[in-house]
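A.B. asks: Give me a 3D structure for the following:
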Amino acid sequence: MYQKNPEFEEPAADTIIWRYVDFTKFISYLEKNALFFVRSDQLSDKYEGKFTEADVILWEDKLQPKTKLSQIEIYDRFRKIVNISSWHLNENESAAMWEICLQSNEGVAIKSTFKRLKDSFHLHKEDDIFIGKVKYIDYTRDTIPKVNIFNPFLYKRKAYEHERELRAVILKFAPQDETMGKHILYVDPKWFGIHVTTDLNILIDKIVVSPTVPDWFIDLVRSIVKKYALNKKIEQSELSKEPPH
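C.D. replies: Presented below is the predicted three-dimensional model:
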């Protein structure tokens, strides 16, 4: 379930958030009644969960070489058990996010709010789920606070500021029988993340269909949503509308 964490900077309850997904991934959400949280080391940004260059310089000054190596190894392993669901903070639809998040032109955007997101996790009782805004910093000059083990996952390089990311985070250890004789932070290399049971009726405010799709695709989305008993409004993208004159 959702748990408040003082190190996670939360937006106002009614803040609008978006999740842009390919149609197949959207169907997977409906089929499993769950969101997929991807393992942080599987994300495209190789700096995910890493400390900054400035942090490493401080370690070199203050820590013995073996201690510094141990810190780096632990966080490299830790990245494998931190799982993330990313959302885009924006009052309005984003043309850039359609381009970045979809593999094809056939997809949808789930429009929600911060309150809806945190409330939707009431069905998932086995893990704590923390939610907070990502902060964007200069990795050559700035350091990441060390007061919380999750902080490296709440910072990204300034090159990613356009994402305006809100992320939900779960720490998920492998089952005990899988870790016998292995490192405590062991994770099966074939495991790319976890499905988190989610109340989609609470989560979803409305569903926006991607720009440039034909009418039959919009009808298909309506049919699929109806099949899964989601009474949600389906809208065409604002970007698909013709100008008024």
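
A.B. asks: I'd like to know how many residues surround Ser85.
C.D. replies: 22 (other CB atoms under 10 Å). Where you see a C-beta, it was placed from the backbone N, CA and C, and this is true even at glycine.

A.B. asks: repeat for Pro145
C.D. replies: 11.

A.B. asks: Helix or strand next in line after the lowest-mean-pLDDT helix or strand in the chain, which one?
C.D. replies: Least confident helix or strand, the chain: helix 65-78 with a mean of 66, by mean pLDDT, DSSP states H and E. Later in the chain than helix 65-78, the nearest helix or strand by DSSP states H and E is strand 82-89.

A.B. asks: helices or strands up against that next one?
C.D. replies: Here strand 82-89 touches strand 16-22, strand 34-39, strand 165-171, strand 193-197, going by 3 or more CB pairs under 8 Å, 6 or more residues apart in numbering; DSSP states H and E.

A.B. asks: Just the buried residues of the helix or strand just after that strand, please?
C.D. replies: In the C-terminal direction, the helix or strand that comes right after strand 82-89 (DSSP H and E) is helix 95-101. By neighbour count on 16 or more other CB atoms under 10 Å, the buried set for helix 95-101 is 97-98, 101.

A.B. asks: same thing with stretch 163-170?
C.D. replies: Per 16+ other CB under 10 Å, stretch 163-170 contains these buried residues: 163-170.

A.B. asks: next one: stretch 134-152
C.D. replies: 134, 136-137, 139, 142-144, 150-152.

A.B. asks: got it, and stretch 44-62?
C.D. replies: 48-52, 55-56, 59.
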